[in-house]
Each structure stands twice: as C-alpha cells, then as structure tokens.
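1. just to be clear, the model below is a prediction. Sequence and coordinates:
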2 protein chains.
Amino acid sequence: MTGRNETMGERAEAAGVSPDTFERALAEFGDLLGSEGLLTEEGDVGQFRDPFAFPGWRTFEPAAVLMPESVEEVQAILRIANAHKVPLWTSSQGRNNGYGGAAPRVSGSLVLSLRRMNRVLEVSEESGYALVEPGVRFFDLYDHLRATGSSLWMSVPDLGWGSVLGNTIDHGMGYTPNGDHPANQCGLEVVLPNGDVMRTGMGAMTNAKSWQVYKRGYGPSADGLFMQSNFGVVTKMGLWLMPAPECYMPGWLTLRRDGDLELLLERLRPLMMEGTIPNQPMIINAVCAASAFTPRQQWYQGEGPIPEAVIDEIAAQPGFGRWVMRFALYGDAKIVERQREIVSDAFGTIPDASLTFSRYDGKALPELTNPHERVQAGIPSMDLDQMTRWYGGEKGGHIGFSCAAPITGRDGAALRDLVRGRLNAAGLDYSGVIVVGRRSMIHIALVVFDTEDEAQARAAYDACKALVAPAAKQGYGEYRAHLDFMDLVADQYDYNDHAQRRFNTLIKDALDPNGILSPGKQGIWPKGVRVE
Amino acid sequence: MTGRNETMGERAEAAGVSPDTFERALAEFGDLLGSEGLLTEEGDVGQFRDPFAFPGWRTFEPAAVLMPESVEEVQAILRIANAHKVPLWTSSQGRNNGYGGAAPRVSGSLVLSLRRMNRVLEVSEESGYALVEPGVRFFDLYDHLRATGSSLWMSVPDLGWGSVLGNTIDHGMGYTPNGDHPANQCGLEVVLPNGDVMRTGMGAMTNAKSWQVYKRGYGPSADGLFMQSNFGVVTKMGLWLMPAPECYMPGWLTLRRDGDLELLLERLRPLMMEGTIPNQPMIINAVCAASAFTPRQQWYQGEGPIPEAVIDEIAAQPGFGRWVMRFALYGDAKIVERQREIVSDAFGTIPDASLTFSRYDGKALPELTNPHERVQAGIPSMDLDQMTRWYGGEKGGHIGFSCAAPITGRDGAALRDLVRGRLNAAGLDYSGVIVVGRRSMIHIALVVFDTEDEAQARAAYDACKALVAPAAKQGYGEYRAHLDFMDLVADQYDYNDHAQRRFNTLIKDALDPNGILSPGKQGIWPKGVRVE
C-alpha cells in the first residue's frame, strides 16, 4: 500500500480503530479495489473534506476513500468493514458543499464514494422515468437525455455537479414540476449494512414490470427509511421525468418593499395548493439576487453587515427588488396562457410589484442565457456557484441553515426576522432563499463567507448553529443540516422525549449491529458510540 | 367477564395462547376498557370475521374485540398483550370487505378495532389539510367539512363507510386529484409495539408548525414503514385536502369493442403523465358497469360465465360499452375547457368511442344523481355497494385480485386476458376495474359471488389464489391481498431470494420481539411463528 502516511493512521484512531486493524482493513480494501478504487494520498483524500471548513480546524477528516465500481464491490466493502469494525461514510457525489460535501461526521471514517458507479441504466420514453446509479451527476443524465434524443425533461438543483440519486435521498430539491425530488423517486436498490441487496416497492419481485412506475409495493415501504439515513447504501434509484412541455414560461415577480414578502406568500399559497403554479418557485432577497451576478465589493466596502440603504440601492436595479421570485409555467400553450392570467391577477394586488414572463417553445428550446431560466427548464449548470463568491472571490464558501414552514406571511416574516437578526448581529449578511412546495416552504439562509478568513468562517458556522434552538422554539425544524450541527438539530426533534431518536436507534442497531455505516449521520449513532 | 364462551377460549388456542393466559389477559383488558371496549359476545365478535367467507370455513375468526378510545388505552393494551404474548390484529374501521374486512390473519387473535377513536382533530382551511384519528370514516370527515362550511374537497373510495386513515395506510385509492391517498398523507402518530408513541416527519419536533404541510422530516422517514404493515398502530394521520374547484367536469368515455382497451390506454398514458387528466380515472368493463345498477338475472339466467353475446348486449345499452372510463377535470373554468379539448382530441382517434361531459359549479355543487360523479367529487356514499349484489342479491360478496402495471395497451391486454381466462374457466364472470395513476395502473378483478353458495364462494377464493403465481410470472404483483392469500402473494416478492422478506422480518423482530402485532399481515411473521 503506497502513499499511506501516519496522519491517516492517526485519523483512523479518531474513529476508534486501532492502527493495526486499520492496516489490515486497508490491505483488504486494496486487494478488492486496486489503486483506482482506494485513495490514500493526502492530495486525493483532501478532496473529501468539508470543502469550506478552515483547514486548521481539522474537523470531519476521512482516513481514506473507497471507490467501488459495482454492487458486488459495495457488498464486499461492507463485509470487510464489518469484519474489522471500520466506519464508512457513504456519499454518492458528495457535492453538497453547504452541508459538508463528502466529508464524514466522524474523522477517521473511510469515505465510501460511489462516484464511479455512474451508469444511466434505463430511460423509458414511454413511461417517463430513468433508473440511475449513485454516481450519475445531473450533468450526466442531462447529456444522456440529449444524446439519445429524449423528449423528457429532468429536474435539477441550482448546481448541476451533484448526484441525481444522492440529492434525492438527501431530500434535495429542483425547480420543475418534478422539483420535489423525493416525491418523484420510484424504486430503490439498497445494500444493507450486512451486505444483503434489497429492492424496494415492486422491485422486490424479480422482473416486476412496475418497479419504476408504481411507487409502493406489497407490505411496508422502506424507501423513506433510506433517505437522510445511515441504514443502507442506495445503489440504484428510479425517478420520474416529465414530458417536454409545448410551452415553457418562466416568470419573475419583483417586490419593492421588504414587508411585501408577507403579502406575496399569502397570494402564492392558493396558487401552489391548486397547482396553478406547478413548479417549485424560489424567492430570494436582494443580497442573494445580487450575489448571483456580482461581488459584494461592487456594492459595499465598509465594515459589518451590508446596510439597509445599500440593500435598497441593490433592490432598485432593473430586474432586482427587495425580494424577487422566480417561477415557471409548463404545458399546453393555451393553458399556460390562462395560468399566466390567473397568476397576474393574484400578484397584481401587491402594490408596486412587477411581473414579467418569457415564453419558449418547450419542444425546441433555444439556448437560454439566464441561469435561473435554465435551472427551471431542468438544464444543469454551475453558473449559480457565483453566489458563494460574494465575499471571497474564488475562495468563497457557504453554509446552509434551512427550515421548513407553512406557506404563510406570518411564517415567512418570523423566519426572515429571526435569521436576519442573528446573522447581522454576527456581522454577516442575510442572503435569504425560500423554496416553495405544495403546502410548505423551506427558508434557507445561504450564509456565505470567505473561507480564508478564519474569523468570518467561524462566525458563519457559529451563527448557523446558534439559530437551531431559537428556530425550534418557534416551531421551525431544519430539513437537513451541516455535519457541524447534525446532532444539535437532531436534539430539537424532541417529541415524547425524543421518541423518533429511540426508534431510529432501534432500527440502526437491528440493521447495523457493528455500527459501520455513516455513524452520526443526521444524529443517528450506533450502539455504544457517541462522538461529540 | 360475562358473555365469554368456550368457543372463544378455543379460538384463542388457535393463536397459540393457553386458555389460562387468555383468561388473565381478558380480565386485564376488561378492567382497562370496560364492557364498551371489550366485545366477547358471539353476536358482536362475529361482525369482525371475514364478511364474505362461507360460515362453515371457520377461517380468520377473532377471539374477542378490543375497542380503545384513546392513545393511552392503545398503549395499555399493548403492554397487556406483551405481558401475556397475546396476538392483536389492528384495524381502523375494517370495512375493506373484499380483502377480509376487520378479520385477523390468525384465528384466535384479538381484533384491536380503532372505530371509537373517531375525532377529526383539525382542519386547516388555510393550508388545506386535516388531522384525523383512525375511526374517522369518509362519511364523518365529509360531514365535518360540510358542517363547518369548509371550502375543501376530500378524496373518497367507491364506498364511504371505511376509515380515512385505514384506507390510506393500506395503500387505498380515491378519484379526485388527491386520489393517490398515501401520496397525500402528511405526518403520522404511531404507537410502537413496545407502547412508545412516535410522530413522524416534522411531528417529531414538539409543537412543530409543519407536521401536516412538509412530508419529510429530519433524517429517515418512517411513514411508509407503517403502511400495509404490522410494525405499529397508527393513531393519527394528516392528509391533504384540495380547494373546491371553480369548475368540476366529470367525463365518460365508452368503447364499443373489447380490443379498444389497448388503444385507450395508449391515448390515456400521456394525458396522465402531463397531468391533463388530474384525477385517477377508472376504466370498467361491461359486466362491472352493469353490476353497479342491475342484477345479473336481468341479463342472463344460464349456466357458467356470462356469454360474450350477452356482454355485447349490455355494452350496447345507452351509457354502457365494452369498456367505460370515468374521469374528471377540476379547476379554473377556462383551463378545464381547454383540458376538455385536449382530451377530446386524444380520444377522438379511437374509432366509435363516445365521449360525454357534465359541467358543475365546484364552489356551489348541486345534488349529484350519478354515484360515479359523486365519488369523483369526493362525496362518500354506499351506492356502488350494489356491485356485490350481481349474483347474490343482499347476500352478495366480493373478493379482489389487484395487480399493478405500467399504463400500456400491452399490459392492459395481458392482465385482462389472464384474469378473464382464469375466472371464466372457474365458471365466474370477469368484472374488470382499472384504476389509473400518474405512471401506473391497478387492474382489479372484482370477483363477485353469492356468499350463500358455498361452491361459488370457494371457486371465487380459489380462482383469485390461482391467479397470483401466473400474474407474477408475467411481472405483475398484487398491490394488496385478501387474508386468504397474503402469504402466497408475499412469496412472489422473491428478488434476491426474498430479500425484502428478510428485511421486514428483521424490522419486525426489532420492533415487536414478542410478535403481538398483527402476525401474518402482508406475509410478515414474527420470529418463530408461522401459521399456514
């Protein structure tokens, strides 16, 4: 085994594995995977750390990285890990950098990266679905659809480099009518911690014709159990794709005043419930909108959070506002036209709001120049990564604080005020993003910072952490969390003295008695292990 | 304890409980629940048998019935059952008679009936949801909505006497745009076999504001695990309701030839995928259509299955056809009108098909006379119970054989031919029902018979059973099953040597080590117990 160094051995010790045991396990992993499938060099392993943590912190550091190419290799890895009780941390692509990327909760874990399992196994034009492996990126699936002349549209998040499967099982979101990704998942293949391979739903029947079209099966459905979870390694996933619409009509609504957010949410809620707006709109504030196209320097060079007067200045730019909502309509041209009228009537009652639409032929889509319009058409890109460069140029980072809430003006205002107050008090700008679903919204504080400024990075991490308990006190729970406060968020889920945690622990112990799979993921720890 | 008799004690022995133990458990149940909550008289207990089984068969017979009124009583029942290792069989209302009603898989089990936990706990007009207990019938929720002047519509199955919660967690279906009931569930409260009370999703946080609006939570989602399951007792459920539409437009499509079913399914699939038809259409054959309004006698008095010539005669009646599809459009009047045009264009290419629509004001709905139009407006009734009286008048029964399939002409024809062939060979009529979802359909053989004709009843049960393996061989799995062939269906889910069964058993043993909860439900048996 070339390239191993003491630091790696020491790191494994942090996960409770002795250097001897680690050495033996690593030799077996090397025999199984070869040099392509086992990364031990510092330069390679470093790619799987929390990408935005200040290097000196030494948190969430993997000991090595395993990169299997097949389900059989995943099974073999689990056998070796069980035999030596070596903890693994599964990631598909591990590109969700705002939550810690591919890095493990427990330093010294081996990252089980599924990036090399990257085949699009099937696309059904007839029934509108794809079956993918975990390493398939949004870019890959998009390229596959275009290369095969498919008439189907996919749904993508703001950045296209992540795993379709990984995003979905982490409760990720996109912005077409199929933007609630977990709701559009249909069928999983899972390798359980004991190495057994299971298929969910109709896939539990050999050669079932309905694995990717009928979501449930016979008896209990385990799909949800493998999302945001450390109960298994998901190796295949079906997902639903939408037929290309005759008409694609992205819309922009800009609001002049900060307080208009409440009115917007009240007008928007019925449109979401009745489906007049079929996709997942995103509402962003002026700071967030500006960060997609410009560096902060352009607007403000002073100390402390960006002042209200400067935000008003940003908001007054053409196409900007104190809040801007992007959304889109899809389908038959006449129906889209009528939806446009209904939406216009609803938002027309918001004083000084401006509403604009673009119209495209969905079956022969031209090159779209606006990255937001591309995202809502399911076209992956990296353009919006610009947002993280607000403070730090190329060295910008971000961390997310993300709460679920009902779609009401009260809830929008409460979250905005709580988050803005705390972030500004910590000297940070409030970059607010609200993604709206059928009956709920996720309020995301996109806390951006300069990763080379340790004090600012620390302030960003700490400010997010400090928001968790106050938000819970008001009834708002995070829908996912950065490694740094996964446990703290889990603590807030306290109904009946943490009944859900007792349940999760019971399941964890039954499925993974040696506690090898992603210990600490979403606050779920194996028996006898508790790392703070 | 008055009213106990030896038969009941003997029955308990069938479940492996000694008469002494049963006696002690029953005394404790009586102390807990009183005479209102413990049914032991033959006349009362008999209501919880398989309602259509021939009485002489003595299958699926409960020993007694427990009827708690609160979550605390459910917890106490589970404690007593664990202490004495007495098996319980949970049912909410237990009205799905085609699958065995409230009857237990294992004779001698105590039915844990939740009919008395029947409160509508909350309806949110603002966010469009209800929170209900398991005893709430579709009738009850409907009455509640009307009594409170609600503007929300619910979704109902063909018969309104069942439990909203029970139907949903058994993967039940309705016929509005919210007709995929499990997909419109949001948040559960579950009493685990050990008596612990857990809330899923955002309900895992005390006082969370999003329990009924955001479907997932933080970490794994267990909701699906408690559907068609014996892992817990579901005591509360959130479900989404739809805003009353401006326009409600039920439609009927009738086909002249049997073979037109294939063409219909091909035309229908894109309309379902793109959402032009937003509800769950139901396609029924002539026999099924006739059975909703008339007795079989009126058409045919001979021996054997009803001949093709007679079916053609039925199909030639006004409003009938070889196949008839009911479906509906909902929403803004102009959008509905355009949807009507698109649907008309699509079905207009089917030779000799006839398409008719009715139009109603959804906000001020008149009294609807057609039971099918009521069902698609979410108005519960018992009118369609008429179907079971095809052969037997008031003593009619039915048993369902229900497979999931993709929405294609090939699959529709394959299931029709398989099921019709087998049923006709057994001397039974083929009453075919296809319920269509977004990307899949459920083909239901509604096998009706005269419950007082033992030979016919036996033939019906046996014919359904005999269909299970041949259907699986063609790739079609049952989405639920009658008690009589729950195990046989489970056997077909055989991927990787029944990996799903191994998984379910592992979970079962972890959650319910004493095996007290609904042993045998959907083929899931506790450790060391296997009753054939």
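-> Yep, that arrived.
2. return the per-residue confidence for the residue nearest the centre of chain A.
-> Central residue of chain A (CA atoms, centre = their mean): residue A:172, 4.3 Å from the mean position. Looking at residue A:172, its pLDDT is 97.
3. wait, what's in contact with it?
-> Taking CB atoms under 8 Å, 6 or more residues apart in numbering or on different chains, we find residue A:172 in contact with A:96, A:157, A:162, A:166, A:181-182. Using the backbone N, CA and C atoms, a C-beta is placed for each residue, glycine as well.
4. nearest to chain B, of these?
-> For the contacts of residue A:172, the minimum distance to chain B (CB to the nearest CB) is 6.4 Å, reached by residue A:182.
5. buried residues, stretch A:20-37. List them.
-> Buried residues in stretch A:20-37, counted by 16 or more other CB atoms under 10 Å in any protein chain shown: A:21-22, A:25-26, A:28-30, A:32-33, A:37.
6. show me how far it is from its chain's centre.
-> Stretch A:20-37 has its C-alpha centroid displaced from the chain centroid by 31 Å (CA atoms, centre = their mean, to the nearest Å).
7. before we move on, the earlier item: closest to chain B among the buried residues of stretch A:20-37?
-> residue A:32 (21.0 Å).
8. now do the closest one against residue A:136, distance only.
-> The gap separating residue A:32 from residue A:136 is 23 Å, by CB to CB, to the nearest Å.
9. for residue A:369, same thing?
-> Separation of residue A:369 from residue A:136 (CB to CB) stands at 27 Å.
10. what's the neighbour count on the nearest residue to residue A:477 once chain neighbours are set aside?
-> Spatial nearest neighbour of residue A:477, excluding adjacent residues (CB to CB, 6 or more residues apart in numbering or on different chains): residue B:205 at 4.6 Å. Counted with other CB atoms under 10 Å in any protein chain shown, residues neighbouring residue B:205 total 25.
11. wait, residue B:205 touches residue A:474, no?
-> No - counting by CB atoms under 8 Å, residue B:205 stays clear of residue A:474, with 10.8 Å between them.
12. in a strand, residue A:95, correct?
-> No - counting by DSSP: H, G, I helix; E, B strand; the rest coil, one finds residue A:95 to be coil, located in no strand.
13. list the contacts for the spatially closest residue to it that is not a sequence neighbour?
-> Leaving aside its sequence neighbours, residue A:95 sits nearest to residue A:162 (CB to CB, 6+ apart; 4.1 Å). Going by CB under 8 Å, 6+ apart, residue A:162 touches A:92-93, A:95-96, A:137-138, A:172.
14. who wins for neighbours among those residues?
-> Result: residue A:92 is most packed of these (other CB under 10 Å), 32 neighbours.
15. which phi and psi does the residue nearest to the centre of chain A have?
-> Reported as degrees, to the nearest 10, the phi and psi values for residue A:172 are phi -70, psi 170.
16. that one and chain B, how far apart?
-> Per CB to the nearest CB, to the nearest Å, residue A:172 is found 11 Å from chain B.
17. what of residue A:319?
-> 29 Å.
18. list the contacts for that residue?
-> A:252, A:254.
19. list the contacts of stretch A:139-151.
-> Residues outside stretch A:139-151 that contact it (CB under 8 Å, 6+ apart): A:118, A:120, A:123, A:125, A:130, A:132, A:152, A:154, A:156, A:160-161, A:164, A:241, A:243-244, A:363, A:378-380.
20. wasn't residue A:123 part of a strand?
-> Yes - remark: residue A:123 belongs to a strand, assigned using three-state DSSP.
21. so what pairs up with the residue nearest to it when sequence neighbours are not counted in the strands?
-> Once flanking residues are discounted, residue A:123 sits nearest to residue A:130: 4.8 Å by CB to CB, 6+ apart. With DSSP bridges applied, residue A:130 shows beta-bridge pairing to residue A:123, residue A:239.
22. and the pLDDT at residue A:130?
-> Taking residue A:130 on its own, its pLDDT is 98.
23. these two touch, right, it and residue A:122?
-> Yes - using CB under 8 Å, residue A:130 is in contact with residue A:122, at 6.7 Å.
24. looking at the two, which is more packed in?
-> Neighbour tally, residue A:130 and residue A:122, criterion other CB under 10 Å: the higher count belongs to residue A:130, 24 against 13.
25. where's that one relative to residue A:364, distance?
-> Look at residue A:130 and residue A:364: by CB to CB, they are 22 Å apart.
26. quick one, phi psi at residue A:419?
-> For residue A:419, the backbone dihedrals are phi -70, psi -50 (criterion: degrees, to the nearest 10).
27. name the helix or strand for the closest residue in space to it that isn't next to it in sequence, please.
-> Ranked by CB to CB, 6+ apart and with sequence neighbours excluded, the top spatial neighbour of residue A:419 is residue A:445, at 4.7 Å. Counting by DSSP states H and E, the element that carries residue A:445 is strand A:440-450.
28. right, and the helix or strand after that strand?
-> helix A:454-473.
29. list the buried residues in that following helix.
-> Under 16+ other CB under 10 Å, the buried positions of helix A:454-473 are A:456-457, A:459-461, A:463-468, A:471-472.
30. elements contacting the next helix or strand after it?
-> Of the helices and strands lying after helix A:454-473 in sequence (DSSP H and E), the nearest is helix A:486-492. Applying 3 or more CB pairs under 8 Å, 6 or more residues apart in numbering or on different chains; DSSP states H and E, we find helix A:486-492 packed against helix A:454-473.
31. name the helices or strands packed onto the helix it packs on?
-> Judged by 3+ CB pairs under 8 Å, 6+ apart, helix A:454-473 is in contact with strand A:396-406, helix A:409-425, strand A:440-450, helix A:486-492.
32. what helix or strand is the residue lying closest to residue A:249 once chain neighbours are set aside on?
-> Nearest residue to residue A:249, sequence neighbours excluded (CB to CB, 6+ apart): residue A:329, at 4.3 Å. For residue A:329, the enclosing helix or strand under DSSP H and E is strand A:323-331.
33. partner strands of that strand, with direction?
-> Strand A:323-331 pairs in its sheet with strand A:247-255 (antiparallel), strand A:282-285 (antiparallel), by DSSP bridges.
34. next one: phi and psi at the closest residue to residue A:296 other than its chain neighbours?
-> Leaving aside its chain neighbours, residue A:296 sits nearest to residue A:390 (4.8 Å; criterion: CB to CB, 6+ apart). Reported as degrees, to the nearest 10, the phi and psi values for residue A:390 are phi -50, psi -60.
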